[in-house]
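*Asks:* need a 3D model of the sequence below.
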Amino acid sequence: MATLFDVRNLEVKYHTRAGVITAVRDISFDVQDGEILGIVGESGCGKSTVASAMMRLLPPNGRISRGQILFKGRDLCTMREDELRTLRGSEISVIFQDPMTGLNPVFDVQSQMLDVLRAHTRGQTTPSLRQRALQMLERVGIPDAAERIHYYPHQFSGGMRQRILIAMALMSHPAVLIADEPTSALDVTLEAQILELIRGLRAELGTAIIYISHDLGVIAQLCDRVVVMYAGQIVEKGDCAAIFRDPRHPYTRALLAAHPSHRHNVERLAAIPGRVPDLTALPAGCRFADRCEYAEPLCHAQEPGYVLSDGRQVLCHAGIVERIAGTQVAKAGTPVEAGPLVLAQPQVADVLVATEGLQTYFRDRVGMIAALRHQLPAAVRAVDGVNIHIHRGDSVGLVGESGSGKTTLGKTILRLVNSTNGRILFDGQDITHLDDGSMRPLRSRMQMIFQDPYSSLSPRMKVSSLLIEPFQIQGIRVDPREKVSELLAMVGLADEQADKYPHELSGGQARRVGVARALALRPEFLVADEPTSGLDVSVAASILNLLKDLREKLGLTYLIISHSLNIIGFVSNRMGVMYLGRLVEFGPTAEIYEHPAHPYTEALLAAISEPDPQMRDSQGRRVLLQGEIPSPKNPPPGCPFHPRCQYARPDCARQRPELTAIGPDHLVACFYPLCLGTR
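*Replies:* Next up is the predicted model:
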């Protein structure tokens, strides 16, 4: 195969208020024609900086200070700007992380696609260019492309916007496509569709792809070779299957060990201690030494060089590489002994939280013309008749795609959102219509960890003030210094963090402060909304371990909301699957993972990308869920899942199935449950 990209000793520096920062150093790798190269690492390791440098799209304060970036033998570092403009889009294209900011909101899709084609095509008429744009939209799976090409970005879902960006990037048939976290903002089902699309386009067009991600599962299922980055350096690179089978650098091993998986039944995840070092104050010796379980005195004193091991380059001292070669990656500290599944039979008196026929509808906005015609706003059925019982001490997981109603259900249970119909019971008391005064004493018993810690923590308050505020609201007198220290210690933070503002905290630290604030009044019930969203795998592992530890120590009852089935499999003993505002399956987590009864649950499990390249063939044969979740303003008749269900029968479109028991504590809303062999 021909070499398309050859990056040699690349060094990129940024000029900041804190001084000159070397973001990446001594980066060398190549990209072969038609291959998929993965670049993986935690946030701040330099992945996106490398991609920006390869496109010569660094911000104004960034510059390439050393090295070469050869594309088909030509050095991009010495090219003129007009030459680079010709190259970008025609030979090298990029898909950015956020599909909404990658498209201009004031122009329709056709205008934006034609602009790209006109920039790289000469001598073709507008109708012929429009036909090319339509063909590419159809190729990436946009339904009714002839009509929807006139839509604006806001009229598409996140998955469809990402498909449009892929279509725009590939219209000129580039030799190389750089994909920077293209699925990080998508649900697992949409992610699986996009990955399948990328595989198909690589096979069809022969495009080489540089795929940047922090998700080891995606990298394992997609890439031919892998580059692992840490603190601005490449620490390991080589064949994908070899690296995942037998990682030779301690950091690669630590990333794999921290990855949760429903296939590995463990008590704790092996979280990586500490954090990526500050590039303005790098430690002496190896940059990973302070976090490395294999570190020796030499590691703290001398910077390692590259060692060739089993055909791979590893940035580590030779003795350590030899010591860990061939040893199995420890998935966690304590494996759980496998045994027969015993289903608990909770008593009714143990129920702490319950909903009965709970509905939460929102009224959609009405435009000016519709208002003049006296049209009533449509009802958005965010939660549509949910019955759920959460027993004291339970950890209940809630999964489903975006728009399925998970977060709204959690907020409605806590009375942060008013319900439309139904009942909410907390410890036997009907709290559905309690006024604010009556609810206040109950607030200390039920709390929420919000998805975005930075938006839920006041930027004007220090951590100490944020942790004391719940006591002030409830009129409880405490010793502020002692209580803040106690709460910080509970979530594994040092006392020094008390004097910081939220923006001075890392993502993991901010999340821990959010947990500490939620636990300040010692609640009995906690709703955790996407508790690891946006976090690196090592930080996420520490948060998940923390939630498990606090549940055992404080006897908490959890409702944990997540789109990741691997996370739900680790933290919950019972789980519910939501689709279009309704529960479609509910029961013991282990049983649902082993024997999913609803076709939607089966599709969610099939879409999981496991960090094991050996599963690539089996995952390539999986039946992926097609399409996207319908609008809750106009749900389909009958079973809401039937338009996307591969098993649907005529009666599924006429009648709506209700949750029905198919086993002890196992309920499913399906006329033909999979586990009963009715298909």
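*Asks:* which stretches of the stretch 501-650 of the chain have low pLDDT?
*Replies:* Residues of the stretch 501-650 of the chain that meet the criterion pLDDT under 70 lie in 617-623.
*Asks:* quick one: Arg291 from Lys47, how far?
*Replies:* The gap separating Arg291 from Lys47 is 18 Å, by Cβ to Cβ, to the nearest Å. Using the backbone N, CA and C atoms, a C-beta is placed for each residue, glycine as well.
*Asks:* compare the two (neighbour count), which wins?
*Replies:* Lys47 (22 against 19; other Cβ atoms under 10 Å).
*Asks:* contacts only, for that one.
*Replies:* By Cβ atoms under 8 Å, 6 or more residues apart in numbering, the contact list for Lys47 reads 39-41, 180, 212, 214, 229.
*Asks:* how does it look with 7 Å?
*Replies:* By Cβ atoms under 7 Å, 6 or more residues apart in numbering, the contact list for Lys47 reads 39, 41, 212, 229.
*Asks:* which one of these is nearest Leu550?
*Replies:* Leu550 has its nearest neighbour among the contacts of Lys47 in Gly41, at 29.2 Å by Cβ to Cβ.
*Asks:* would you turn the contacts of Lys47 into JSON lines with secondary structure and pLDDT?
*Replies:* As requested, these are exported to JSON lines (DSSP: H, G, I helix; E, B strand; the rest coil; pLDDT from 0 to 100):
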{"residue": "Ile39", "secondary structure": "strand", "pLDDT": "97"}
{"residue": "Gly41", "secondary structure": "coil", "pLDDT": "92"}
{"residue": "Ile212", "secondary structure": "strand", "pLDDT": "94"}
{"residue": "Met229", "secondary structure": "strand", "pLDDT": "97"}
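*Asks:* which one of those residues has the most neighbours?
*Replies:* Counting by other Cβ under 10 Å, top hit in the contacts of Lys47: Ile39 with 27 neighbours.
*Asks:* one step back: now, which of the contacts of Lys47 sits nearest Arg85?
*Replies:* Ile212 (22.8 Å).
*Asks:* quick one: the closest one from Pro182, how far?
*Replies:* Taking Cβ to Cβ, one finds Ile212 at 9 Å from Pro182.
*Asks:* and for Ala653?
*Replies:* For Ala653, the distance to Pro182 - Cβ to Cβ - is 34 Å.
*Asks:* ok, these two, which is more surrounded?
*Replies:* Ranked by neighbour count (other Cβ under 10 Å), Ala653 and Pro182 place Pro182 first, with 28 against 13.
*Asks:* so where do the helices sit in the stretch 551-679 of the chain?
*Replies:* Shown for the stretch 551-679 of the chain, the helices assigned by DSSP state H, counting those that start in this stretch span residues 565-571, 589-594, 599-606, 616-620.
*Asks:* adding distance to Cys223 and mean neighbour count, write those out as CSV.
*Replies:* Output for those, formatted as CSV (distance: least, Cβ to Cβ, whole Å; neighbours: other Cβ atoms under 10 Å):
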stretch, distance to Cys223, mean neighbour count
helix 565-571, 19, 24
helix 589-594, 26, 19
helix 599-606, 20, 23
helix 616-620, 10, 14
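*Asks:* quick one: which of these is nearest Arg551?
*Replies:* Nearest to Arg551, of those and by Cβ to Cβ, is helix 565-571 at 8.4 Å.
*Asks:* helix or strand right after the least confident helix or strand in the chain by mean pLDDT?
*Replies:* Within the chain, no helix or strand scores below helix 368-372, which has a mean of 62 by mean pLDDT, DSSP states H and E. Counting by DSSP states H and E, the next helix or strand C-terminal to helix 368-372 is strand 379-391.
*Asks:* right, and the helix or strand after that next one?
*Replies:* Taking DSSP H and E, what comes next after strand 379-391 is strand 395-399.
*Asks:* does anything pack onto that following strand? Which helices or strands?
*Replies:* Judged by 3 or more Cβ pairs under 7 Å, 6 or more residues apart in numbering; DSSP states H and E, strand 395-399 is in contact with strand 557-561, helix 565-571, strand 574-579.
*Asks:* need these in a markdown table (columns: distance to His666).
*Replies:* Listed next are the helices and strands packed on strand 395-399 as a markdown table, based on distance: least, Cβ to Cβ, whole Å:
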| stretch | distance to His666 |
| --- | --- |
| strand 557-561 | 19 |
| helix 565-571 | 16 |
| strand 574-579 | 10 |
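*Asks:* looking at those, spot the one closest to Ile324.
*Replies:* helix 565-571 (25.0 Å).
*Asks:* quick one: the closest one to chain centroid distance?
*Replies:* 13 Å (Cα atoms, centre = their mean, to the nearest Å).
*Asks:* dump that helix to PDB, keeping only the CA atoms.
*Replies:* Extracted in PDB, the C-alpha atoms of helix 565-571 (Å, rounded to 0.1, in the frame of the first residue of the first chain):
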ATOM      1  CA  LEU A 565     -25.400  -0.200  28.800                       C
ATOM      2  CA  ASN A 566     -21.900  -1.100  29.900                       C
ATOM      3  CA  ILE A 567     -22.300   1.500  32.700                       C
ATOM      4  CA  ILE A 568     -25.800   0.300  33.700                       C
ATOM      5  CA  GLY A 569     -24.500  -3.300  33.800                       C
ATOM      6  CA  PHE A 570     -21.800  -2.300  36.300                       C
ATOM      7  CA  VAL A 571     -23.800  -0.100  38.700                       C
END
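*Asks:* contact partners of it?
*Replies:* For helix 565-571, the surrounding residues in contact (Cβ under 7 Å, 6+ apart) are 188, 260-262, 269, 395, 397, 399, 532, 544, 547-548, 560, 562, 575, 589, 593, 604-605, 608.
*Asks:* which residues does the closest residue to Ala254 other than its chain neighbours contact?
*Replies:* Closest residue to Ala254 apart from its sequence neighbours, by Cβ to Cβ, 6 or more residues apart in numbering: Ile272 at 4.7 Å. Listed by Cβ under 7 Å, 6+ apart, the contact set of Ile272 reads 254, 258, 291, 538.
*Asks:* same deal with Ala661?
*Replies:* With contact set as Cβ under 7 Å, 6+ apart, Ala661 has these partners: Leu667.
*Asks:* where's it relative to Thr589, distance?
*Replies:* Per Cβ to Cβ, Ala661 is found 17 Å from Thr589.
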